[in-house]
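Chemist: 3D, please:
(one chain, ligands or ions: 1)
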Amino acid sequence: MTCGARLALPDLRVEDTLCRNILIYGNCRYEDQGCTFNHDQNKNSSQSEFPKKAFNVDSPSFTPSSQAQGAAKKSTLSSQAANAAPFTPRGVGTPNLQQTAEASVFNPAAIREFTPQNYDIANTATNGVPQENGIFNDPFTTLGSIGAALPAAGQYNLYASDHSALATPGAQFYPQHGTYPAGPLQPPNYHLYQPYDTYRQDLQPWQRATYDFFMPAKMREELQKKMFATQQVMPNSGLPQLERWHSLFPLDTHNRKNTSSFGYPSWVYKAQNSRTGRYYALRRLEGYRLTNEKAILTVMKEWKKIRSANIVTVHEVFTTREFGDSSLIFAFDYHPLSKTLQESHLQPVHGNRYRAPSSVPENVIWGYICQITNALKTIHSSKLAARCLEPSKIIISDNNRIRLSACSILDVVQFESNTKSVQELQQEDLVKFGKLILSLTTNTLPAHLNNIPAALESLGAKYSANLKDAVAWLVTPPNPGEPKSIEHFISGIATHMTTFFDLALQDNDEKQFHLARELENGRAARIMMKLMTIVERGELGGAQAWSETGDRYQLKLFRDYVFHRVDADGKPNLSIGHMLSCLNKLDAAIDEMVVLTSRDNETVFVLTYRELKQMFDRAFNELVKHSKTGAPGANN
Ligand SMILES: Nc1ncnc2c1ncn2[C@@H]1O[C@H](COP(=O)(O)OP(=O)(O)OP(=O)(O)O)[C@@H](O)[C@H]1O
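Modeler: Numbers count the residues shown, from 1 in each chain. Predicted coordinates:
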């Protein structure tokens, strides 16, 4: 063997290469199990020094002759030596010299110390920080995986007592780490109450509990009034029961037979549908005799498709003789406690003294204009016309929200007599719209609005020029061959439309906020109802005083602790915060301790909410088992 040969081919056989486990850990547990690398550090150190090998004085072939020197030099610079890749320990980044020869021997999959499991080249540096053996876990990556691991909506019921269903869809909720033991899978603790806002410093302590946990009193009052109005019945009203409608309740505020709107006297009743149980507003046209069945079919086919936040939806039209005449009935959506624009703004106020109606503020008028524009946009784009745009046929509910309440009626009633095209009727809609606004701004009933130019002129004194221009544009009939359109009008009032849109979104945000609170209250009500089904129950399945024995006794003491607390003087403690927090802790089954004392102070139980919850679930499940039908939604 020549010196050159030794230089060119450094000894890189497997058995001479120091095993990396020796290098890193000091030993290799595969040494006796077939690892073919060198496990003798001394041997390695004597042989792995590349320069030592190259200029080994023991080399038998070293000959100090010129030729030999030349040969030696030549050997030193042989092409093989030049091409030999430098030996660099793996891990620094350059390819391993032995990769072809040792590929089958040095198997990263078999020798785990070298290649950690789940090692993913793509994750070696996340956000610039390397993940070493999975020890470092980038929070941003984790957040992403939480989102991906959460079950899709509808798959998982947060209120279910048993969250094991989460195990499969949420298995990746807490990503597994090589270094951390895998914890139990669990959803975030949504069960603990976390009110949104903290702006309550200016409230008295007695106000806080209500403010923190419930919707504003005014909102609650309005909703309750609406529910009350919806449920109202009039047993001796003398009103008939229709084929599929019952509990008719008159909504008219006067009994004048007014034929000005439809050519027939009309009456409005609240009624409940026997099939769906829903409430509707039935508008009856007294004495109308239907001559053409097609009228209802054709008109309803188009109007049933109309959906707009500013139009009362019409559901069906039918005739009846139950009122003792032949009547035509339109079934509309019912909006409890609505008033017409006429009732709200155009009727004198009766108090101690007669007062003329006060003028409507400009911002309210713009709100109405935007909403009616929205309704007309929907109607006109469906190739229909509103036709009935009168203050007495537009209803107003809370927050100046208005809806056209008599659409489709004139289309049915004048199905055969109408000679105008839809385009003409749409042009009329715009003029009627202008007159309606003029009527509201001048506090004049439309029937008394005889001098439109004078009325328009008077607008300037109370309202902006912008409003006056908008009304003037609407009431002015179109030039022949130049029809006006609602789209033209929209472009003219675009700024007011966006202002209104913004207010509507703000209103929506506020309602969402209150809805979130009510979600929590619904949960409290549910757990309270379940608790009440258990405590104080007498006999169950043959067991006398079932609720006084076993786990149920502790639940009864818990009920006392939550609802019957007294202060040091024996006075009742009525803190809603305490009640809600205890119920939520029970629902969340947390590990906090609770001390329950019997009424005679003889027995004290110290247990966690988690244990209480288990007792609670056991007791309730027993009830469910004994109930005939099971409990619908019992686990919800
Ligand atoms: N869809 C509805 N939902 C709830 N209430 C409604 C609905 N439609 C109308 N109303 C209410 O019914 C009552 C009577 O309405 P109507 O249109 O007959 O007014 P009116 O002033 O009596 O008109 P007219 O003099 O032409 O009969 C009004 O108070 C109105 O607010």
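Chemist: Could you pull out the strands in the chain for me?
Modeler: 125-126, 129-130, 245-250, 266-273, 279-285, 314-320, 327-333, 339-340, 349-350, 354-355, 394-397, 401-404, 593-597, 604-608 (DSSP state E).
Chemist: quick one, what contacts the nearest residue to Ser485 once chain neighbours are set aside?
Modeler: Nearest residue to Ser485 in three dimensions, chain neighbours excluded: His380, at 7.4 Å (CB to CB, 6 or more residues apart in numbering). Placement of C-beta: from N, CA and C, glycine included. Listed by CB atoms under 8 Å, 6 or more residues apart in numbering, the contact set of His380 reads Gln426, Asp429, Ser485, Ile486.
Chemist: Model confidence score at the last one, please.
Modeler: Listed pLDDT for Ile486 reads 97.
Chemist: any idea how far it lies from Pro480?
Modeler: Distance, Ile486 to Pro480, by CB to CB, to the nearest Å: 19 Å.
Chemist: hang on, Ala385 packs against Lys432?
Modeler: No. Between Ala385 and Lys432 there is no contact under CB atoms under 8 Å: 9.8 Å.
Chemist: packing partners for the longest helix out of those in the chain?
Modeler: The longest helix of the chain (DSSP state H) is helix 494-534. Identification of packing neighbours for helix 494-534 by 3 or more CB pairs under 8 Å, 6 or more residues apart in numbering; DSSP states H and E yields helix 205-213, helix 362-381, helix 551-563, helix 576-588, helix 609-626.
Chemist: can you give me the mean pLDDT across it?
Modeler: 91.
Chemist: Please apply the same query to stretch 426-440.
Modeler: 96.
Chemist: show me what contacts Thr253?
Modeler: Taking CB under 8 Å, 6+ apart, one finds Glu343 in contact with Thr253.
Chemist: Try it again at 10 Å.
Modeler: Val268, Lys339, Thr340, Glu343, Gln347 (CB atoms under 10 Å, 6 or more residues apart in numbering).
Chemist: Tell me the confidence at the residue nearest to Ser392 when sequence neighbours are not counted?
Modeler: Closest residue in space to Ser392, ignoring its immediate chain neighbours: Gln342 at 4.3 Å, by CB to CB, 6+ apart. At Gln342, the model reports a pLDDT of 95.
Chemist: Now do Gln342 against His626, distance only.
Modeler: 59 Å.
Chemist: try Lys304
Modeler: For Lys304 relative to His626 (CB to CB), the value is 48 Å.
Chemist: now swap in Arg599 and tell me
Modeler: From Arg599 to His626 the distance is 27 Å (CB to CB).
Chemist: Need the residues touching each of Ala385 and Lys432.
Modeler: By CB under 10 Å, 6+ apart, the residues touching both Ala385 and Lys432 are Leu376, Leu425.
Chemist: beta partners for the closest residue to Glu243 other than its chain neighbours?
Modeler: Distances taken as CB to CB, 6+ apart place Thr320 nearest to Glu243, at 7.4 Å, with adjacent residues excluded. For Thr320, the beta-bridge partners are Ser327 (DSSP bridges).
Chemist: Return the residues in contact with Thr320.
Modeler: Thr320 touches Pro240, Leu242, Glu243, Trp245, Leu282, Arg284, Ser326, Ser327, Leu328, Ile329, counting by CB under 10 Å, 6+ apart.
Chemist: among these, which two are most distant?
Modeler: Maximum pairwise distance among these (CB to CB): 16.9 Å, between Trp245 and Ser326.
Chemist: if you count what's nearby, which of those two comes out ahead?
Modeler: Using other CB atoms under 10 Å as the criterion, Trp245 and Ser326 rank with Trp245 on top: 21 against 14.
Chemist: Look up the closest residue to that one, ignoring the ones flanking it.
Modeler: That would be Ala271: by CB to CB, 6+ apart, it lies 4.3 Å from Trp245.
Chemist: And the pLDDT for the one you found?
Modeler: Per-residue confidence at Ala271 stands at 97 (pLDDT).
Chemist: heads up, I number from 586, so please use that
Modeler: OK, 586 is where the count begins now, so the last one is Ala856.
Chemist: looking at it, it is touching Glu828, isn't it?
Modeler: No. Between Ala856 and Glu828 there is no contact under CB atoms under 10 Å: 11.4 Å.
Chemist: With Lys1017 as the reference, measure out to the residue nearest to Ser977.
Modeler: 14 Å.
Chemist: Any residues of the chain in contact with the ligand? List them.
Modeler: Taking CB under 6 Å from any ligand atom as the test, the list of the chain residues beside the ligand reads 836-838, 843, 846, 851, 853, 866, 897, 917-920, 923-925, 927-928, 977-978, 980, 990.
Chemist: Can you tell me which of those are buried?
Modeler: 836, 846, 851, 853, 866, 897, 917, 919-920, 923, 925, 927, 977-978, 980, 990 (16 or more other CB atoms under 10 Å).
Chemist: How about the contacts made by Met812?
Modeler: Pro921.
Chemist: residue boundaries of the helices in the stretch 936-1085 of the chain?
Modeler: 947-966, 994-998, 1007-1026, 1037-1047, 1050-1060, 1071-1077, 1079-1119 (DSSP state H, counting those that start in this stretch).
Chemist: buried set for the fourth one?
Modeler: Going back to what we said before, that points to helix 1037-1047. Ile1037, Ala1040, Leu1041, Ser1043, Leu1044.
Chemist: Next, the angle helix 1007-1026 makes with it.
Modeler: Going by axes from the mean of the first three to the mean of the last three CA atoms, to 10 degrees, helix 1037-1047 is angled at 50 degrees with respect to helix 1007-1026.
Chemist: could you give the angle of helix 1037-1047 to helix 1050-1060?
Modeler: Using the same axes, to 10 degrees: helix 1037-1047 against helix 1050-1060 is 160 degrees.
Chemist: helices or strands next to helix 1037-1047 in the packing?
Modeler: Applying 3 or more CB pairs under 10 Å, 6 or more residues apart in numbering; DSSP states H and E, one finds that helix 1037-1047 contacts helix 1007-1026, helix 1050-1060.
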